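1. fold the following, please.
(one chain, ligands or ions: 1)
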Amino acid sequence: MRVDILTAVPVQVTGALELSVIRRARGLLDIRVHDLRDYAVGRHRQIDDYPYGGGAGMVLKPEPIFACLEALGSAPDEVVFLSPDGEVLTQHLANTLSLKQHLVLIAGHYKGVDQRVRDALVTREISIGDYVLSGGELPALVLLDAIARLVPGMLGDAASALSDSFQDGLLGAPTYTRPAVFRGMEVPAVLCSGDHDRIAIWREAKRVGKTLVRRPDLLEALEPPPATEG
Ligand code: SAM
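-> Predicted coordinates for the structure are as follows:
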């Protein structure tokens, strides 16, 4: 998979790409970071300008974003604009995007981007939650991490991602490692039993119980619609 990230602050993205899961992903993913300033316009090499109609905050200009996208050389499957007013990122959406061959992620800044970028170029707008950050770089990295760990070969054990929270609509089960007793706190005996059927039942029960308490909305979403008579 190829991922192009368009940003006004490339160092914020490249720094994080050297870390953890995403760093490992670089061998499996072709991640390219583009500095919008390389496509700045005019004598003053601007990438942002004052908003028409007045008001606080600068707006990213359309020309650098259009020029950068046109310079990519191939048509992406999706052009994603990270934005607090977009569709909220879910595991389901990450799964969907992980199947694409070529994604473009546009990080906004200041007040956002010129609306014509959103109207003419963007195919999806994604929010990482109902709060506002100062730039789209962290949201782009959050999205990239969520996608990258789903790419085959990324995790040491592919089954690990499948048992994570949300993957099948439930929250994850509690996890333990050695020692079996730590400061008087014991690992549940069933996990040390070697009985894989009982362990699977225990984990499923814990997942359902936790989801019921913390996120009953997820269970409601799993329920089939009531049967209609006649
Ligand atoms: N004026 C915008 C609004 O009211 O929706 C907020 C602009 S915000 C200060 C600057 C940029 O940060 C946005 O264009 C977007 O790229 C990014 N951003 C901030 N919060 C975000 C979120 N929750 N999800 C995704 N992107 C976000």
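2. buried set for the helix or strand containing K206?
-> For K206, the enclosing helix or strand under DSSP states H and E is helix 196-214. Neighbour-count burial for helix 196-214 flags 199, 202-203, 206-207, 210-211 (criterion: 16 or more other CB atoms under 10 Å). All C-beta atoms are positioned from the backbone trio N, CA, C, and that covers glycine.
3. let me have these in a markdown table, extended by pLDDT and distance to V33.
-> Shown next, in a markdown table, are those (pLDDT from 0 to 100; distance: CB to CB, whole Å):
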| residue | pLDDT | distance to V33 |
| --- | --- | --- |
| I199 | 98 | 43 |
| W202 | 98 | 44 |
| R203 | 97 | 39 |
| K206 | 98 | 40 |
| R207 | 96 | 37 |
| K210 | 97 | 38 |
| T211 | 96 | 37 |
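4. ok, the residue in the chain that the ligand sits nearest to - contacts?
-> At 2.1 Å from the ligand, G108 is the closest residue in the chain, using CB to the nearest ligand atom. With contacts defined as CB atoms under 8 Å, 6 or more residues apart in numbering, G108 is in contact with 60, 81-83, 135-136.
5. let's see that with 6 Å instead.
-> The contact partners of G108, taken as CB atoms under 6 Å, 6 or more residues apart in numbering, are G136.
6. helix, strand or coil: sort out S74 for me.
-> coil (DSSP: H, G, I helix; E, B strand; the rest coil).
7. where does the protein have low pLDDT?
-> Within the chain, the set of residues satisfying pLDDT under 70 comprises 20-21, 23-26, 156-159, 223, 225-226, 228-230.
8. what residues are up against the spatially most central residue of it?
-> For the chain, L143 is the residue whose C-alpha lies nearest the centre (CA atoms, centre = their mean; 1.9 Å). Applying CB under 6 Å, 6+ apart, we find L143 in contact with no residue.
9. what strand or helix carries it?
-> helix 137-148.
10. quick one: the helices in this structure, in order.
-> 10-17, 20-25, 62-70, 91-98, 115-120, 137-148, 158-162, 196-214, 216-222 (DSSP state H).
11. just name the most buried of those helices.
-> Among those, the stretch with the highest mean neighbour count (mean count of other CB atoms under 10 Å) is helix 137-148, at a mean of 22.
12. how about that helix and the ligand, any contact?
-> Yes - under the criterion of CB under 6 Å from any ligand atom, the ligand is reached by helix 137-148 at P139.
13. that helix: how far from the chain's middle?
-> 4 Å (CA atoms, centre = their mean, to the nearest Å).
14. and that helix with helix 91-98, angle?
-> 80 degrees (axes from the mean of the first three to the mean of the last three CA atoms, to 10 degrees).
15. in a markdown table: the helices of the chain, plus distance to P188.
-> What follows is the helices of the chain, written out as a markdown table (distance: least, CB to CB, whole Å):
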| stretch | distance to P188 |
| --- | --- |
| helix 10-17 | 36 |
| helix 20-25 | 29 |
| helix 62-70 | 52 |
| helix 91-98 | 26 |
| helix 115-120 | 50 |
| helix 137-148 | 30 |
| helix 158-162 | 20 |
| helix 196-214 | 7 |
| helix 216-222 | 23 |
